[in-house]
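[1] Just need the structure, nothing else, for what follows:
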Amino acid sequence: MQKIISYPLSVLFVICLLLVLLFFHGIQWLALNLFGYKAHKKVVDAMVWWIMLCTGILGTTYRVSKEEELPTDKPIVFVSNHQSMFDIPMIIWFFKQNHPKFVSKKELGKGIPSVSYNLKHGGSVLIDRNDAKQALTVIRGLGQYISKYNRAAVIFPEGTRSRDGHPKRFSENGVKMLCKFSPDAYLVPLTINNSWKLFRFGKFPLGLGAKISLYAHKPMKISDYSFEELFAKTEAAVKSKIE
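    Predicted structure coming up:
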């Protein structure tokens, strides 16, 4: 029954989402080219708020919990499980004071209004998952960038989305590169729950009534740990809160 009800709501959602993305694509260009980074970031923050608002058509709700308030004068490395594309606007919105930048696959860098533009021009990096050397090089650059400007990097060490909420194996290479080139940063494990339920029926129609939660674990200063210990603690923390 939910799937049947979801068809008209999903059509409405897709229309609204497309309008938001098309509108903010032009606004992003104007903000960045006329006024610079700060204006562009404000536009992106507004855009993700509207994207999340659109998901309300599907009955989606969001909840964020933090073990501690995060510093805004230090670089942050967020390490998170990954359940759907809607993980990204949620992280941008709830941690907007930390200026999150993403490690994303290169395919997202073209063809998607607003999203591709922000990934290419907003400080995130695009990796070729078939070219390990290229991927590690651009991740190294992101580590140096967040260290210089006290911003945040977001990496999903599973490498791809979990379709049913069960976490996949965590890969350490990208996390290790970020830690190596931003040694003064704090690493914050993130746990996301239930965003996969938006795609419980596949790509269409969308799932209804997803209660998405985001949990930020206690920050860990990277320089206080060996990488092996830090990575083990991070993976354990992320998985400990997955429902």
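[2] tell me which helix or strand of the protein sits lowest on mean pLDDT?
    Within the chain, confidence by mean pLDDT, DSSP states H and E is lowest for strand 125-127 among all helices and strands, at a mean of 91.
[3] how much distance is there from that strand to the middle of the chain?
    Offset of strand 125-127 from its chain centre (CA atoms, centre = their mean, to the nearest Å): 13 Å.
[4] packing partners for it?
    strand 100-105, helix 132-149 (3 or more CB pairs under 8 Å, 6 or more residues apart in numbering; DSSP states H and E). Yep, even glycine has a C-beta here, placed from its N, CA and C like the rest.
[5] For the residue nearest in space to the middle of the chain, list the residues it contacts.
    In the chain, the residue lying closest to the centroid (CA atoms, centre = their mean) is residue 88, at 3.1 Å. By CB atoms under 8 Å, 6 or more residues apart in numbering, the contact list for residue 88 reads 48, 102, 154.
[6] in the helix or strand containing it, what's buried?
    Following DSSP states H and E, the helix or strand that holds residue 88 is helix 87-94. Neighbour counts over helix 87-94 (16 or more other CB atoms under 10 Å) mark 87, 88, 89, 90, 91, 92, 93, 94 as buried.
[7] That one to strand 100-105, inter-axis angle?
    170 degrees (axes from the mean of the first three to the mean of the last three CA atoms, to 10 degrees).
[8] Output the host helix or strand of residue 119 as CSV, restricted to C-alpha atoms.
    Here residue 119, judged by DSSP H and E, is contained in helix 115-121. Taking Å, rounded to 0.1, in the frame of the first residue of the first chain, the C-alpha atoms of helix 115-121 are listed here in CSV:
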residue,chain,number,x,y,z
VAL,A,115,25.1,19.3,-7.1
SER,A,116,27.9,19.0,-9.8
TYR,A,117,28.6,22.7,-9.7
ASN,A,118,29.1,22.7,-5.9
LEU,A,119,31.3,19.6,-5.9
LYS,A,120,33.5,21.1,-8.6
HIS,A,121,33.7,24.7,-7.3
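[9] Check the offset of that helix from the chain's centre.
    For helix 115-121 - counting by CA atoms, centre = their mean - the centre lies 13 Å from the chain centre.
[10] for stretch 16-31, same thing?
    Its chain's C-alpha centre and that of stretch 16-31 lie 19 Å apart, by CA atoms, centre = their mean.
[11] Low-confidence stretches in this protein?
    Residues of the chain meeting the criterion pLDDT under 70: none.
[12] make it 90
    Low-confidence segments of the chain (pLDDT under 90): 1-5, 105-111, 127-133, 135-136, 158-169, 202-203, 243.
[13] Partner strands of the least confident helix or strand of the chain, with direction?
    strand 100-105 (parallel) (DSSP bridges).
[14] List the buried residues for stretch 70-84?
    Residues 70, 74, 75, 76, 77, 78, 79, 80, 81, 82, 83, 84 are the ones in stretch 70-84 that count as buried (16+ other CB under 10 Å).
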